[in-house]
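In: What follows is a predicted structure for the sequence shown.
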Amino acid sequence: MHYVCLLAPLMLMMSVQAQSPKQKSTRFSHQLSTKASAETIWQIWTEVDEWHQWDKGLQKASLHDPWQIGAKGTLRSLENRKVKFTVTEFEPGKSYTFKSNLPLGGLYVKRSLERQGDQVLFTHEVWFQGLTKGIFARLLGKDFQAMLPQVMENIKVIAEAP
């Protein structure tokens, strides 16, 4: 009974939000091509301690375990919020996904590479899952989506630097 009292307002908010035409997408991505090698992009993406150099929304980041499924890490935002994440998918040299827990849901980030001729396509996807995905997409998604093209451009500039 106690949980029903706590969840009722949340469910009402989700119901109202689901009907709102202003609801933001719960999934978005950005893709760029580069002349840099896939190995160079992969190195930039997997040097977690250096993420703040190209993701200007971060103060710092760290991975506490070797890159593998189940590895744990921490992000610290510019607002000094500490966020833990766990690697949920890992394909060396090709892609990885990590998840940050949110109340009754999660935030996922997937980074993947694809070779096309002499170009490399690199993609950064973000999505929210769970009962609260719509709420967090509205609260966080708009800012993340707005920052993503610049984050990707920063990676490209670093990768293509002589």
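Out: Now that the structure is in, tell me what you want to look at.

In: Return the residues in contact with the residue nearest in space to the middle of the chain.
Out: By C-alpha atoms, centre = their mean, the chain has its centre lying nearest to residue 109, at 3.0 Å. Listed by C-beta atoms under 8 Å, 6 or more residues apart in numbering, the contact partners of residue 109 are 85, 97, 98, 99, 100, 124, 125, 126. Glycine gets a C-beta too; all of them are placed from N, C-alpha and C.

In: how about a cut-off of 10 Å?
Out: Contact analysis of residue 109 by C-beta atoms under 10 Å, 6 or more residues apart in numbering lists 75, 85, 88, 96-100, 124-127, 144.

In: That one belongs to a strand?
Out: Yes: when DSSP: H, G, I helix; E, B strand; the rest coil is applied, residue 109 is found to be in a strand.

In: Next, count neighbours for residue 35.
Out: 11 (other C-beta atoms under 10 Å).

In: those strands in this structure, which residues are they?
Out: 27-34, 58-63, 72-77, 82-91, 95-102, 105-116, 119-130 (DSSP state E).

In: Now do the fifth one: distance to the chain's middle.
Out: Think strand 95-102. 7 Å (C-alpha atoms, centre = their mean, to the nearest Å).

In: Which strands border that strand, and is each parallel or antiparallel?
Out: Sheet pairing for strand 95-102, assigned by DSSP bridges, gives strand 82-91 (antiparallel), strand 105-116 (antiparallel).

In: For residue 160, which non-adjacent residue is spatially closest?
Out: Nearest-residue entry for residue 160: residue 36, 5.0 Å, with adjacent residues in sequence omitted and distances by C-beta to C-beta, 6 or more residues apart in numbering.

In: scratch that, residue 32
Out: Per C-beta to C-beta, 6+ apart, closest to residue 32 is residue 152, 4.9 Å.

In: Check that neighbour and give its pLDDT.
Out: Confidence at residue 152, expressed as pLDDT, is 96.
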